[in-house]
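> Quick one: sequence plus predicted model below, questions after.
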Amino acid sequence: MTSLLKELPSMSTILAAYASLSAMAMLIRTILNEMIPKPMQKLINSKFSHLISNYFSSNFTFIIEERWQAVYNETFRAVEVYLPTRIGPTTDKLLIGSNDTNNPTSLPKRKIPSDCKIIDEFEGMTLEWTLHVRESEKYYIPDKKTFHLTCKKRVRELVEQRYFPHIAKTAQTILSKREKLNIYTYNQDRSRWESAVFRHPARFETLAMEPELKQFIKDDLDSFAGRKDFFESVGRAWKRGYLLFGPPGTGKSSLVAAIANYLNYNVYDLQFQSVRNDADLRRILTSTTNRSILLIEDIDCSTKIAKDRDKVKDDQDKEDKDGRPDRPSSIDPGVTLSGLLNFIDGLWSSCGNERIIIFTTNHKEKLDPALLRPGRMDVHIHMGYCTPTGFRKLATTYLGIKDDKLFDAIDDLIKIVDVTPAEVAQQLMIKSDDPKAALHGLIEYLNMKKDKPEEDRTIQEEEEKAKDEDDKNDGKQRMKLEESETGSIYLS
Ligand SMILES: Nc1ncnc2c1ncn2[C@@H]1O[C@H](COP(=O)(O)OP(=O)(O)OP(=O)(O)O)[C@@H](O)[C@H]1O
């Protein structure tokens, strides 16, 4: 024992060693402080402490980004819908607001603000959520949003296998029960879709259309919606494309609203003019959600989609000869036909499920034939001038009457005058509290149109008249249904 004590260093030796070690540490610290710049020191410190805390932490974090492999992340959407229902006593802030101008006294909607913690309980697990938003430096790139879910490491698998499916199911139920539909419009400046409440009164019951045509469209929609297995079994993308064409005021937009109300789908209304190029289009379209309608109105107004593709090409050749830069961006930056077609029936068409694409045009003849080729748009619907059946529907809607002795005179005039349902509706609305006066007003209006001098007609009207003459020869009041070999359906 005495010998062991003798071998131990004396207290003074220990103190001396400690003093020299401390001096050495101080020296190294001073040298490092001098040599390593402050920001670098901070970074090393934070990385080091992050490493340590990660190593010893018993937590696990799931990160859910807004986009997943080039398309909108459905898990993100489900969380976005689900989390506002989990606001509890531990939540200390909440975004609320309303864009429902029709109902200003309704309860505001809830949204999760960034950096707000939400605690959820599920099957004995405690789950902590936070939304992180990283602002983009470039105006045309949207801010990056991510949800972070932190749980205990030991329940990680349970979270994946039980909690996430629970979120998806709950979100689905909430979405299918939602009373209000949204209409989205693309904000080019903020590079994102912005929504407003969509409360359009148009329904199939209120549309002035031939009953067979209406029934056909409803049946077609029924055979599309909710038939995931069918589309999968036949190897087709779960999409349906409609082309609505006809003169202004024949109810194309009203039909779109009726379809949205019938299926309870949101509407994404895209103005081609706000799309910079094909890559932009791809990103915009992949940011739309399932069970929705993508509406592209007046598609003929986009020069590159319209028939004058050859003219664009001529201009391009001319430009190339002049030694100016190559296409596509020099004359008319925007979406090209091939970019669009790629989305309709190309490889990109398989992105997303249960989507309806609707194009409207007043001038089908101006569209590039490639867009009209059989099979491209599944159903082509001609929205024509008002027919006697259409007039009767409008009389019921606007005047609340099903018959009147003036109806026969109006029927006779409607058969020979090109009048749109919008014009008829307008006339009936002027005196809707006095049906007789409204009907007389309509007769007067129709007679005035009938007597309109020929020279007053614009070339466009002539073209439309010629087209409608063809329809009349085929029987104006009968619905024509043709099905091409490739499955496109033509309705007029
Ligand atoms: N077929 C119809 N049935 C009932 N109402 C109609 C019909 N067509 C037009 N209307 C009435 O006329 C208004 C304008 O119609 P709508 O905007 O749907 O026509 P459109 O064909 O889309 O016109 P545009 O080509 O100018 O966009 C509607 O708000 C509606 O009240």
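Cool, got the structure. Keep in mind that this is a model prediction, so the values were computed, not measured.
> Straight-line length of stretch 366-384, end to end?
In stretch 366-384, first residue to last residue: 17 Å (C-alpha to C-alpha, to the nearest Å).
> do you know how far the residue in the chain positioned nearest to the ligand is from Thr389?
Residue nearest to the ligand within the chain (C-beta to the nearest ligand atom): Gly251, separated by 2.7 Å. Placement of C-beta: from N, CA and C, glycine included. Using C-beta to C-beta, to the nearest Å, we find Gly251 at a distance of 13 Å from Thr389.
> Now for the two: what residues contact both?
Taking C-beta atoms under 8 Å, 6 or more residues apart in numbering as the criterion, Gly251 and Thr389 both touch Ala208.
> These two: which is more packed in?
Gly251 (24 against 17; other C-beta atoms under 10 Å).
> Before we move on, what's the pLDDT of the residue lying closest to Ser176 once chain neighbours are set aside?
Ranked by C-beta to C-beta, 6 or more residues apart in numbering and with sequence neighbours excluded, the top spatial neighbour of Ser176 is Asn264, at 7.5 Å. Per-residue pLDDT puts Asn264 at 89.
> and the residue of the chain closest to the ligand, what does it touch?
Going by C-beta under 8 Å, 6+ apart, Gly251 touches Leu207, Ala208, Met209, Met383, Pro421, Ala422.
> Now do the SS call for the second one.
Judged by DSSP: H, G, I helix; E, B strand; the rest coil, the three-state class of Ala208 is coil.
> Let me know the pLDDT of the residue lying closest to it once chain neighbours are set aside.
Distances taken as C-beta to C-beta, 6+ apart put Gly390 closest to Ala208, at 3.5 Å, once the chain neighbours are dropped. Gly390 is assigned a predicted lDDT (pLDDT) of 94.
> What strand or helix carries Gly390?
Assessed by DSSP states H and E, Gly390 sits inside helix 388-399.
> And for Ala437?
Assigned by DSSP H and E, Ala437 belongs to helix 435-450.
> List the buried residues for that helix?
Across helix 435-450, burial judged by 16 or more other C-beta atoms under 10 Å covers Pro435, Ala438, Leu439, His440, Gly441, Leu442, Ile443, Tyr445, Leu446.
> Check the offset of that helix from the chain's centre.
41 Å (C-alpha atoms, centre = their mean, to the nearest Å).
> and if you look at stretch 414-429?
Computed by C-alpha atoms, centre = their mean, the chain-centroid distance of stretch 414-429 equals 33 Å.
> for the closest residue to Tyr398 other than its chain neighbours, what are its contacts?
What sits nearest to Tyr398 in space, not counting adjacent residues and going by C-beta to C-beta, 6+ apart, is Leu428, at 4.0 Å. Neighbouring residues of Leu428 by C-beta under 8 Å, 6+ apart: Leu394, Ala395, Tyr398, Leu399, Ala438, Leu439, Leu442.
> With Ser432 as the reference, measure out to the third one.
This means Tyr398. 5 Å.
> who's more crowded, the two?
Set Tyr398 next to Ser432 and count neighbours by other C-beta under 10 Å: Tyr398 wins out with 20 against 15.
> Pretty sure the more buried one sits against Ala438.
Yes - counting by C-beta atoms under 8 Å, Tyr398 touches Ala438, with 7.4 Å between them.
> Quick one: name the residues of the stretch 201-350 of the chain near the ligand.
Leu207, Ala208, Met209, Pro248, Gly249, Thr250, Gly251, Lys252, Ser253, Ser254 (C-beta under 6 Å from any ligand atom).
> got a list of what the closest residue to the fourth one other than its chain neighbours touches?
Taking C-beta to C-beta, 6+ apart, and ignoring the residues beside it in sequence, Pro248 has Asn362 as its nearest neighbour in space, at 5.6 Å. The contact partners of Asn362, by C-beta under 8 Å, 6+ apart, come to Phe245, Gly246, Pro247, Pro248, Asp298, Asp300.
> so what's the second one closest to, chain neighbours aside?
Sequence neighbours aside, Met383 is the residue nearest to Gly246 in space, at 3.4 Å (criterion: C-beta to C-beta, 6+ apart).
> likewise the first one?
Nearest residue to Phe245, sequence neighbours excluded (C-beta to C-beta, 6+ apart): Lys364, at 4.0 Å.
> Quick one: residues contacting that neighbour.
Contacts of Lys364 by C-beta under 8 Å, 6+ apart are Leu243, Phe245, Asp300, Leu372, His380.
> what's the most distant pair in these?
Using C-beta to C-beta, the pair of the contacts of Lys364 lying farthest apart is Asp300 and His380, separated by 14.2 Å.
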